[in-house]
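Peer 1: predicted structure and sequence below. I'll ask about it afterward.
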Amino acid sequence: MHRLGVLCGLSAGAWLGAAEAPTKLVTIGFSPFLISLGMVSGVFVARWTVPMLLKGTSYVWLDFREKAHLAIWAILAGMLWAVANTLTVFAVRDVGLSIAFPLWNTNSLVGLLWGWLLFNELRGAGTGTWLKVLGGTFAIVVGACVLAYAVSNPSSAAAQHRAMLGILAALAAGLLWGTMYVPYRKAYISGMNPLSFVTVFTIGELATTFLMAFIFQGGWHSLAADLVRARPVLFWLFFGGFCWVLGDLLQQYAAKYIGIGRGIPLSNTNQLWGLAWGALVFGELAGRGLSTQLLIVAGSLIMIAGATAIGFAEADQQEQSSWRAAVERECVRYGMDAIRTENILHGDDPISRSIAEKGSRRNWWELLIVAAALAMFVWLGSFARWPDITFHAGWAVALSLLTLFFLTVGGVQLWKHTRFS
């Protein structure tokens, strides 16, 4: 399960990195709140469609009904995600995609702290594991400092102020995203399937994003006018949000099987993908001096090395005993079966077995959900236009093929070992 979690984390990095590419639209004048709302619309559709395709609505309902106490945690996580995602758009606007990515990926430090404090991660771990985790943590901090320094001396005072705001926005997003993983881990040590969790999760993120857009865009009439003006690019935002969900699901499986202290740093290899999309596809490093480019690349590589060290710090028997204590605590608190929950954490799927034994079939309305999702893509695509930004299509195709490869490998292994449990 550790190897499966590592694979899911790395695959998540590829898709989370690619999904942020549409945020570049903020550089041609669209509001960060509008960008975030467009992406979350795609996220909302994906979080209902993908779980239904993989497991069916009956499965999602039964899983949620067993653990209904987690609904409020899922909605809270969605609200944190919405604010953090909006902050990332501000960061991309002010410092660029290739620089903002590693800065908000300091969420791995926050997640590591919460995992240790609340869920007994690293409790009882050996010296080697601690050295990997602490060394990796130090590398992430150093890498973030290198990247911040790379943009800390712009040519003008106004540019310097704007860059600092972008850095602060990215770091704030990292803080919120790191905290968001607390509900994730609470759900998964309770045996909840990530596919069920995200279905409820999306209610909080859509409601919060819409509320922010409504308030900061000047009310309904102003927001509606901005949406009409943004019609040519809404498809790209919607598609980016859909891709984000694929990466997020893989990330959540990583958090389920190897914990947030390990799963988040591995998924934070998305910074390498963000650097690749920003530099190769959008030409963000063009015009910068060689020293600045080297600092940006070096900072990213240092952070990736730190995340890798943390991710490969496999939990030993003593730490796994601490994990089981956290599981038992949740089971006692909410009246769940500890043995059944423990089996689920090792890939067992009793709900799927129960549905299969009853001979239940897919529900007819699932076809309507798929049709509605496809209709949304077709409708938005009918008036989509290519935005006026620097874009190298060859690199975009190459990176897209690589992300599809990671999705295929990760998806096949998840199905093989857990049936997406």
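Peer 2: Nice, I can see it. Numbering: from 1, shown residues only.
Peer 1: for the protein, which spans come out with low pLDDT?
Peer 2: Along the chain, segments meeting pLDDT under 70 span 23-28, 97-98, 148, 151-159, 360.
Peer 1: which residue is nearest the centroid of it?
Peer 2: In the chain, the centroid-proximal residue (CA atoms, centre = their mean) is D248; its distance is 4.0 Å.
Peer 1: what residues are up against that residue?
Peer 2: Residues in contact with D248 (CB atoms under 8 Å, 6 or more residues apart in numbering) are A12, L16, V198. Every residue, glycine included, has its C-beta placed from N, CA and C.
Peer 1: just among those, which is most surrounded?
Peer 2: A12 (30 neighbours; other CB atoms under 10 Å).
Peer 1: ok so, going back, now the residue nearest to the centre of the chain: which helix or strand?
Peer 2: According to DSSP states H and E, D248 maps onto helix 231-258.
Peer 1: packing partners for the helix or strand just after that helix?
Peer 2: Using DSSP H and E, the next helix or strand after helix 231-258 towards the C-terminus is helix 260-267. The elements that helix 260-267 packs onto, with contact taken as 3 or more CB pairs under 8 Å, 6 or more residues apart in numbering; DSSP states H and E, are helix 2-19, helix 107-119, helix 127-150, helix 157-188, helix 231-258, helix 290-311.
Peer 1: give me the contacts around the last one.
Peer 2: For helix 290-311, contacts defined as CB under 8 Å, 6+ apart pick out 6, 9, 98-99, 101-102, 105, 108, 112, 132-133, 135-140, 142-147, 149-151, 258, 261-263, 265-266, 268-269, 271-272, 275, 285, 288.
Peer 1: in it, what's buried?
Peer 2: Neighbour counts using 16 or more other CB atoms under 10 Å place 292-293, 295-297, 299-311 of helix 290-311 among the buried residues.
Peer 1: now that helix against helix 107-119, angle please.
Peer 2: Calculated by axes from the mean of the first three to the mean of the last three CA atoms, to 10 degrees, helix 290-311 forms an angle of 20 degrees with helix 107-119.
Peer 1: okay, the contacts of D248 in a markdown table with distance to W81 next?
Peer 2: What follows is those, written out as a markdown table (distance: CB to CB, whole Å):
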| residue | distance to W81 |
| --- | --- |
| A12 | 15 |
| L16 | 12 |
| V198 | 10 |
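Peer 1: and which of those residues is nearest to A373?
Peer 2: V198 (14.9 Å; CB to CB).
Peer 1: skip the chain neighbours and tell me the closest residue to that closest one.
Peer 2: Of all residues not flanking V198 in the chain, R47 sits nearest, at 4.7 Å (CB to CB, 6 or more residues apart in numbering).
Peer 1: got the CA positions of stretch 112-122 in PDB?
Peer 2: This file holds the C-alpha atoms of stretch 112-122, laid out as PDB (Å, rounded to 0.1, in the frame of the first residue of the first chain):
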ATOM      1  CA  LEU A 112       3.200  17.400   8.200                       C
ATOM      2  CA  LEU A 113       2.500  19.300  11.400                       C
ATOM      3  CA  TRP A 114      -1.200  18.500  11.500                       C
ATOM      4  CA  GLY A 115      -0.500  14.800  10.600                       C
ATOM      5  CA  TRP A 116       1.900  14.500  13.600                       C
ATOM      6  CA  LEU A 117      -0.200  16.500  16.000                       C
ATOM      7  CA  LEU A 118      -3.700  15.100  15.300                       C
ATOM      8  CA  PHE A 119      -3.300  11.700  13.600                       C
ATOM      9  CA  ASN A 120      -0.100  10.200  15.200                       C
ATOM     10  CA  GLU A 121       1.900  10.300  12.000                       C
ATOM     11  CA  LEU A 122       5.600   9.800  12.700                       C
END
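Peer 1: chain center to it: distance?
Peer 2: 19 Å (CA atoms, centre = their mean, to the nearest Å).
Peer 1: over to stretch 370-381?
Peer 2: With CA atoms, centre = their mean, you get 23 Å for stretch 370-381.
Peer 1: buried stuff in it?
Peer 2: Buried residues in stretch 370-381, counted by 16+ other CB under 10 Å: A373, M376, F377, L380.
Peer 1: next, P387: secondary structure please.
Peer 2: coil (DSSP: H, G, I helix; E, B strand; the rest coil).
Peer 1: I'd like the distance between the residue lying closest to it once chain neighbours are set aside and L227.
Peer 2: Among residues not flanking P387 along the chain, V233 sits closest, at 5.4 Å (CB to CB, 6+ apart). According to CB to CB, to the nearest Å, V233 and L227 sit 11 Å apart.
Peer 1: of the two, which one has the most company?
Peer 2: Set side by side, V233 and L227 show more neighbours around V233, with 23 against 15, by other CB under 10 Å.
Peer 1: who's in contact with that one?
Peer 2: By CB under 8 Å, 6+ apart, the neighbours of V233 are P22, L25, F30, G38, A384, R385, P387.
Peer 1: likewise for E366?
Peer 2: M52, L53, G56, T57.
Peer 1: doesn't N363 make contact with the third one?
Peer 2: Yes. With the criterion set as CB atoms under 8 Å, G56 and N363 qualify as a contacting pair; they are 7.2 Å apart.
Peer 1: which one's more surrounded, these two?
Peer 2: In this view G56 and N363 are compared by other CB under 10 Å, and G56 has more residues nearby, 19 against 14.
Peer 1: residue contacts, that one?
Peer 2: G56 touches I355, R362, N363, E366, counting by CB under 8 Å, 6+ apart.
Peer 1: now it: how far from F90?
Peer 2: Distance, G56 to F90, by CB to CB: 39 Å.
Peer 1: how about Q413?
Peer 2: On the measure of CB to CB, Q413 and F90 end up 36 Å apart.
Peer 1: next one: L112
Peer 2: 25 Å.
Peer 1: which one's more surrounded, the two?
Peer 2: L112 (26 against 23).
Peer 1: excluding chain neighbours, what is closest to that one?
Peer 2: Counting by CB to CB, 6+ apart, the residue nearest L112 is G261, at 4.4 Å.
Peer 1: what's the burial count for that neighbour?
Peer 2: With other CB under 10 Å as criterion, G261 counts 29.
Peer 1: ok, it touching G115?
Peer 2: Yes. With contact defined as CB under 8 Å, G261 reaches G115; the gap is 3.8 Å.
Peer 1: residues contacting the closest residue to W236 other than its chain neighbours?
Peer 2: Leaving aside its chain neighbours, W236 sits nearest to P22 (4.6 Å; criterion: CB to CB, 6+ apart). Contacts for P22 (CB under 8 Å, 6+ apart) come out as I35, G38, M39, V233, W236, L237, F239, G240.
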